[in-house]
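Visitor: here are the coordinates; sequence isn't available:
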């Protein structure tokens, strides 16, 4: 596992994802629309053994444990190999059989070697797990297997930042450009 | 797990499989051509969680543990659902990623609801594990998770029948019709 | 697993433990002396299979993951059966062989049916896991197997309460009447 | 895991064990009295983590899977360290809590550095697993974790030697000196 620690990450705004097709959701969730929640992106490929054995069960456990209006788990199917083998049709069956119930988006294949969101986030491979705080800032980026104990702690740490967030939002200054939209409205 | 015990099975000859495409082998193995070896069929679907977590790792372990000229492990991709999701292209990538190295055949889809070999063997679902003795007779048929300890014992029991088999072959009587062909020739 | 949730527990002060002998520590830690840290008590018996398989490895993982000046893991050997089998000598060898490195105290056998601390805390059996916040208040009490994800979140939640505690500490009241202040005010 | 393979072992007679106290059995089983059965010795120490996690559960699984009149599982408590910690009283509680139901003997401590049976068999540590065939001959000796698949195969291989054994016994020649005593009498 390689990790940027919660504290080490420069508090960069997380880039928006680019998704060509969604599963397990009626809408088309954007990162912006999830402002105010901790967001966990589970980047996976359906034929990646580590994703099937560790990444996705962990993501499903997070989805089950935390209230969904506080922690949003988003699967991102970042196909960078075997493209013909991991089609949308195959992914749909996979999600059904593995009982993945959180929203999953297919990372926009784009025109380069890597899908668009994978490139934007600098995701090195699958499974990768990214945590974004309630202000939409990148806070952790893990590649490989993640300890459950540690992930639980990281998510709860971000959840506990509730106070400061509200404060900064009302101050209205610090993250202008990124967090211009006040909390209540960003969901609308 | 549901099981017909080694001793309970009527000693019916195992039917030949019908395979539309092979992976991990240059030839097109037939059951007949494997006479003289214990044959283990691992019937699976690539999007079946129990197959991925238990059935295929167990089959790979058998393939690794026993000499291949004595025990032949054959994967059988018996797709009976999500057909468009489990194509030959997807299967090829799956076998590569999961490092499945034993021969795998796609069960002939045929024209019925179930693939041809699945129907012939009365396979109820995946994963299913079938043991065929050195004389080509059905000896065990498990559906679901199989204990490693037990499987090891079953395979070794069939391997240990070497003597009697040779004896019967030379006697030439008991299994005429089924095992008429002497051992050496059955491979030719 | 039975659990009182973090939020549900009345914010009672955690009772002091009563320990007849310590291992893995030179001193005789008291709960009071750990004020300012989150304290996790792992109540176990060395011959309890669930403790060996789940409780103690989890406690060791917490001890490894969190800085020890912020989270104190305390093992409590609460022997309530097989007393002659789980002596101090046996426990010492057990801790050595299982590489338990956090402080472990033998719960004072007292004169009743249950050891003293076990009785005080209302511990129902082993393994039990108790979380005490930085103010010395009972915050969670689990009996049986605990999810790592959840435990990580619970500990981090208590750690994140740093602000209010620090405030009170600087207010100079340090532990006098620690629990005098009602919950709502302690955060303000 | 270190292993002498079934085929590699010189077919030495297994030495008799020397046991100071038995659990889970009314009698005092001897190796000689088990002639005609495959015997599996699980050498363990109750405070050995590998024994608790792997060795003993495997031995219990063998005890459950195979008919006891064909395969005898014998636990051997070979204490070579922490003697005061692993007393007979502690062992009794351990066997109860871990639901070990096969006969367990305490290896005679003797006067040397190692207990008597451990020395006789050249057991290097715990867990060790020894297989003795129906003729009382050493056939496998594993130190460390053993694959279930492989163990199942080894036991079944020894079980399948039923025919030849009877044959040789009637021939009365081949193993004179070692197997002088005919099969029927060896049990008496």
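Guide: Received the coordinates, thanks. Not measured: the values here are computed from a predicted model. Numbering: from 1, shown residues only, chains lettered A, B, ... in the order given.
Visitor: give me the buried positions along stretch A:150-165.
Guide: A:150-161, A:165 (16 or more other C-beta atoms under 10 Å in any protein chain shown). The way it works is simple: take the backbone N, C-alpha and C, and place the C-beta from them, glycine included.
Visitor: quick check: the gap between the nearest residue to residue A:46 once chain neighbours are set aside and residue A:35.
Guide: Computed as C-beta to C-beta, 6 or more residues apart in numbering or on different chains, the closest residue to residue A:46 that is not its neighbour in sequence is residue A:94, at 4.4 Å. Per C-beta to C-beta, to the nearest Å, residue A:94 is found 30 Å from residue A:35.
Visitor: how about residues contacting stretch A:24-35?
Guide: Residues outside stretch A:24-35 that contact it (C-beta atoms under 8 Å, 6 or more residues apart in numbering or on different chains) are A:14-17, A:19, A:22, A:39, A:72, A:74, A:95, A:100-105, A:132, A:134-136, A:179, A:181, A:183, A:186-187.
Visitor: how about a cut-off of 6 Å?
Guide: Applying C-beta atoms under 6 Å, 6 or more residues apart in numbering or on different chains, the contact partners of stretch A:24-35 are A:16, A:22, A:72, A:103, A:104, A:136, A:186.
Visitor: show the end-to-end separation of that stretch, please.
Guide: Terminal residues of stretch A:24-35 are spaced 20 Å apart (C-alpha to C-alpha, to the nearest Å).
Visitor: same question for stretch A:46-53.
Guide: Using C-alpha to C-alpha, the end-to-end distance of stretch A:46-53 comes to 11 Å.
Visitor: next one: stretch A:86-102
Guide: 19 Å.
Visitor: so what touches that stretch?
Guide: A:21, A:23, A:46-47, A:63, A:73, A:77, A:79, B:47, B:49, B:82, B:84-85, B:90.
Visitor: how about 8 Å then?
Guide: A:21, A:23-24, A:45-47, A:52, A:56, A:59-60, A:63, A:73-75, A:77, A:79, A:104, A:106, B:47-49, B:82, B:84-87, B:90, B:93.
Visitor: over to stretch A:108-116?
Guide: Contacts of stretch A:108-116 (C-beta under 8 Å, 6+ apart): A:18, A:19, A:20, A:78, A:79, A:80, A:83, A:107, A:117, A:119.
Visitor: equivalent analysis for stretch A:55-68, please.
Guide: Residues contacting stretch A:55-68 (C-beta under 8 Å, 6+ apart): A:38, A:40, A:42, A:44, A:48, A:71, A:73, A:75, A:98-102, A:126-127, A:129, A:145-146, A:148, A:151-152, A:155, A:159, C:147, C:149-150, C:153.
Visitor: quick one: which of those sit in strands?
Guide: A:38, A:40, A:42, A:44, A:71, A:73, A:75, A:129 (DSSP state E).
Visitor: quick one: contacts for the last one?
Guide: Meaning residue A:129. A:40, A:41, A:42, A:43, A:55, A:58, A:59, A:140, A:141, A:142, A:146, A:151.
Visitor: just these now: which is nearest chain C?
Guide: Of all these, residue A:151 has the smallest distance to chain C: 6.3 Å, by C-beta to the nearest C-beta.
Visitor: any idea how far chain D is from that closest one?
Guide: 25 Å (C-beta to the nearest C-beta, to the nearest Å).
Visitor: quick check: longest helix of chain A.
Guide: Of all segments of type helix in chain A, defined using DSSP state H, the longest is helix A:148-159.
Visitor: please compute how far it lies from its chain's middle.
Guide: 14 Å (C-alpha atoms, centre = their mean, to the nearest Å).
Visitor: likewise stretch A:37-52?
Guide: Distance of stretch A:37-52 from the chain centroid (C-alpha atoms, centre = their mean) equals 8 Å.
Visitor: how far does it stretch from start to finish?
Guide: Start-to-end, stretch A:37-52 (C-alpha to C-alpha) is 26 Å.
Visitor: do the same with stretch A:96-115
Guide: 23 Å.
Visitor: next, the buried residues of it.
Guide: Buried residues in stretch A:96-115, counted by 16+ other C-beta under 10 Å: A:97-98, A:100, A:102-109, A:114-115.
Visitor: one more: stretch A:28-41?
Guide: A:29, A:31, A:34, A:35, A:36, A:37, A:38, A:39, A:40, A:41.
Visitor: counting neighbours, what do you get for residue A:75?
Guide: By other C-beta atoms under 10 Å in any protein chain shown, 28 other residues sit near residue A:75.
Visitor: quick check: phi and psi on the closest residue to it other than its chain neighbours?
Guide: Once flanking residues are discounted, residue A:75 sits nearest to residue A:104: 3.5 Å by C-beta to C-beta, 6+ apart. As for residue A:104, its main-chain torsions (degrees, to the nearest 10) stand at phi -130, psi 130.
Visitor: next one: residue A:83
Guide: The phi/psi pair for residue A:83 (degrees, to the nearest 10) is phi -60, psi -40.
Visitor: and it, how far is that from residue B:147?
Guide: For residue A:83, the distance to residue B:147 equals 39 Å [C-beta to C-beta].
Visitor: of these two, who's got more company?
Guide: residue B:147 (19 against 12).
Visitor: re the thing from before, could I get the contacts of stretch A:24-35 as a markdown table with pLDDT?
Guide: Formatted as a markdown table, the contacts of stretch A:24-35 follow (pLDDT from 0 to 100):
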| residue | pLDDT |
| --- | --- |
| A:16 | 98 |
| A:22 | 98 |
| A:72 | 98 |
| A:103 | 98 |
| A:104 | 98 |
| A:136 | 96 |
| A:186 | 18 |
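Visitor: among those, which two are most distant?
Guide: A:104 and A:186 (22.6 Å; C-beta to C-beta).
Visitor: quick one: the helices in chain A, in order.
Guide: A:49-50, A:56-65, A:88-97, A:116-121, A:148-159, A:162-171, A:183-186.
Visitor: tell me the angle of the fifth one relative to strand A:38-44?
Guide: To tie it back to what came earlier, the one meant is helix A:148-159. For helix A:148-159 against strand A:38-44, the angle by axes from the mean of the first three to the mean of the last three C-alpha atoms, to 10 degrees is 140 degrees.
Visitor: got it, and the third one?
Guide: Using the same axes, to 10 degrees, one finds that helix A:88-97 and strand A:38-44 are set 120 degrees apart in direction.
Visitor: helix A:88-97 - what's its average pLDDT?
Guide: Averaging pLDDT along helix A:88-97 yields 98.
Visitor: and the fifth one, by the same measure?
Guide: Average pLDDT, helix A:148-159: 97.
Visitor: that one near chain C anywhere?
Guide: Yes. Residues of helix A:148-159 contacting chain C under C-beta under 8 Å from any C-beta of the partner chain: A:148, A:149, A:150, A:151, A:152, A:153, A:154, A:155, A:156, A:157, A:159.
Visitor: what comes into contact with that helix?
Guide: Residues from elsewhere that reach helix A:148-159 (C-beta under 8 Å, 6+ apart): A:6, A:38, A:40, A:58, A:61-62, A:65-66, A:70-71, A:129, A:131, A:133-134, A:139-140, C:58, C:61-62, C:65-66, C:147-157, C:159-160.
Visitor: rerun at 6 Å
Guide: A:6, A:38, A:131, A:133, A:140, C:61, C:65, C:148-149, C:152-153, C:156-157, C:160.
Visitor: in those residues, find the pair that's most separated.
Guide: Taking C-beta to C-beta, the two most distant members of the contacts of helix A:148-159 are A:133 and C:61; they sit 24.9 Å apart.
Visitor: quick one, which of those two is more surrounded?
Guide: residue A:133 (23 against 18).
Visitor: returning to that earlier point: which of the buried residues of stretch A:96-115 sit farthest apart?
Guide: A:97 and A:114 (26.7 Å).
Visitor: can you give me the neighbour number for residue A:57?
Guide: 15.
Visitor: I'd guessed residue A:104 sits against residue A:23; true?
Guide: Yes. Using C-beta atoms under 6 Å, residue A:104 is in contact with residue A:23, at 4.6 Å.
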